[in-house]
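**Q** Quick one: sequence and predicted model below, then my questions.
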Amino acid sequence: MERESRHTRKLKKTRPHPVIGVRGTIFPELLFVTSRTNGSGLDMAQKKRVTLIYNENAGSAGQSRSDIIELISHVGFSVTCFSNRKSDIEAAIDAPADIVVVAGGDGTVAKVAARMRPNGCPIAVLPLGTANNIAKSLGIGRPTVELVASWHFENLMAFYPISVVGPWGRCRIVEGVGFGAIEQAIAELSRKTGFARARSKYAEAALNAPAEKLKIRIDSEAITGSFSVLEVTKFPHVGPNLCLAPGIDSVHRSFAVCSVGDGVRERRAMAKWLTQPHCGAAPVSMRTASLLEIVGQFRQVRVEGHLWRNKTNGKNGDATQVIVLEAEPEPLLFLMPQ
């Protein structure tokens, strides 16, 4: 008798059932069948095409490209694999597929989502990074046969990215932007810094970093002040797994605007929370917005995982600049676990 793989044995424990899709439609045709199977319990005629975008350098999950391809194939998908280089991502998105799977960390997911077409092929996430804030916020765990098998049921979530225009130009963002203390800490840390060290550096910056004097318009509300921290995010978790915006629901056409003022008490409370984030809610003021305008003399801004620095010299170096963020009108689609 042919020996079963460990993926096949696990799959047999998964009980199939119909689910409701993004628009409330039941997909009975996605149920498992027993005829003409490939050994995984799936009809070869219904085999879906997966475009896999794999980051070789993501985190330390210990799962190689071949491991991920084997996992997806054993659950009944056909797989075409691409790297996470920019040119390969473009080719991957243009390739015919039923699902685009991103195996990597937050940076890889953001790079792919920034290039995806609205209302197009759904995105599935296999978190292999260090923080995995996007996957954590969406309730997606480590790659398992059960997670991959759930893709057959097309449990879709609409996700509205943010269109942002700033001194660097126009782009689409998926995670968010930030100003102030956290950005100063990021500028001083290496990319491979552990969570404890990163949180400690964030706390130090929350106490000492220069405040950003900003004029903000959140939809129709105008706010002017000095901010030690200003973070705009689509997801509850940011940075080294900090649950900064627990009240934000990523499915809505909006984003969270989290701020901390320049007062001593506010800074101390934020610094304490940054070193002990599991001991209570973040001491931030949080609003939701679909349109945000920020005016100021920006020293540096975090855009997704990258820092933009104001390198303008001379009399224009202190010029007032404007950043506008708006939730896009059409969603991307993410595949969610059962």
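**A** Happy to help now that I have it. Numbering: from 1, shown residues only.

**Q** hang on, Ile123 packs against Asp98?
**A** No. No contact is recorded between Ile123 and Asp98 when judged using CB atoms under 8 Å, the distance being 11.7 Å. No exception for glycine: its C-beta is placed from N, CA and C like everyone else's.

**Q** higher neighbour count, those two?
**A** Set side by side, Ile123 and Asp98 show more neighbours around Ile123, with 21 against 15, by other CB atoms under 10 Å.

**Q** show me the contacts for the more buried one.
**A** Residues in contact with Ile123, defined by CB atoms under 8 Å, 6 or more residues apart in numbering, are Ile99, Val100, Val101, Val102, Val109, Val112, Ala113, Met116, Leu332, Leu333, Phe334, Leu335.

**Q** tell me the contacts of the nearest residue in space to Phe77 that is not next to it in sequence?
**A** Leaving out its chain neighbours, the residue that sits closest to Phe77 by CB to CB, 6 or more residues apart in numbering is Val50, at 4.4 Å. With contacts defined as CB under 8 Å, 6+ apart, the neighbours of Val50 are Ile72, Phe77, Ser78, Val79, Thr80, Ala97, Asp98, Ile99, Val100, Val101, Ala124.

**Q** With Thr80 instead?
**A** Remark: with contacts taken as CB under 8 Å, 6+ apart, Thr80 is in contact with Arg49, Val50, Thr51, Leu52, Ala92, Ala95, Ala97.

**Q** Extract the C-alpha set from stretch 107-127 and format it as CSV.
**A** C-alpha atoms of stretch 107-127 as CSV (Å, rounded to 0.1, in the frame of the first residue of the first chain):
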residue,chain,number,x,y,z
GLY,A,107,6.7,43.6,4.1
THR,A,108,6.1,41.0,1.5
VAL,A,109,2.3,41.0,2.0
ALA,A,110,2.3,44.8,1.8
LYS,A,111,4.4,44.8,-1.4
VAL,A,112,2.0,42.3,-3.1
ALA,A,113,-1.2,44.0,-1.9
ALA,A,114,0.1,47.4,-3.1
ARG,A,115,0.1,46.0,-6.7
MET,A,116,-3.0,43.9,-6.7
ARG,A,117,-6.1,44.9,-8.6
PRO,A,118,-9.3,45.8,-6.7
ASN,A,119,-12.0,43.1,-6.7
GLY,A,120,-9.6,40.8,-8.4
CYS,A,121,-8.0,37.5,-7.4
PRO,A,122,-8.1,36.9,-3.6
ILE,A,123,-4.9,37.1,-1.5
ALA,A,124,-4.1,34.3,1.0
VAL,A,125,-1.4,34.8,3.6
LEU,A,126,1.1,32.2,4.9
PRO,A,127,3.0,34.1,7.7
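
**Q** Which positions in it come out as buried?
**A** Neighbour-count burial for stretch 107-127, counted by 16 or more other CB atoms under 10 Å, picks out 107-113, 116, 121-127.

**Q** Considering these, which is situated nearest to Leu207?
**A** Nearest to Leu207 among the buried residues of stretch 107-127, counting by CB to CB, is Gly107 at 28.2 Å.

**Q** Could you verify my assumption that the closest one touches Ile173?
**A** No. Shown here, Gly107 and Ile173 do not form a contact pair, counting by CB under 8 Å, at 12.0 Å.

**Q** Tell me where the protein is predicted with low confidence.
**A** Scanning the chain with the threshold set as pLDDT under 70 gives 1-46, 59-62, 313-317.

**Q** Please parse it into its domains.
**A** Domain assignment of the chain by automatic domain parsing yields the ranges 6-154, 162-327.
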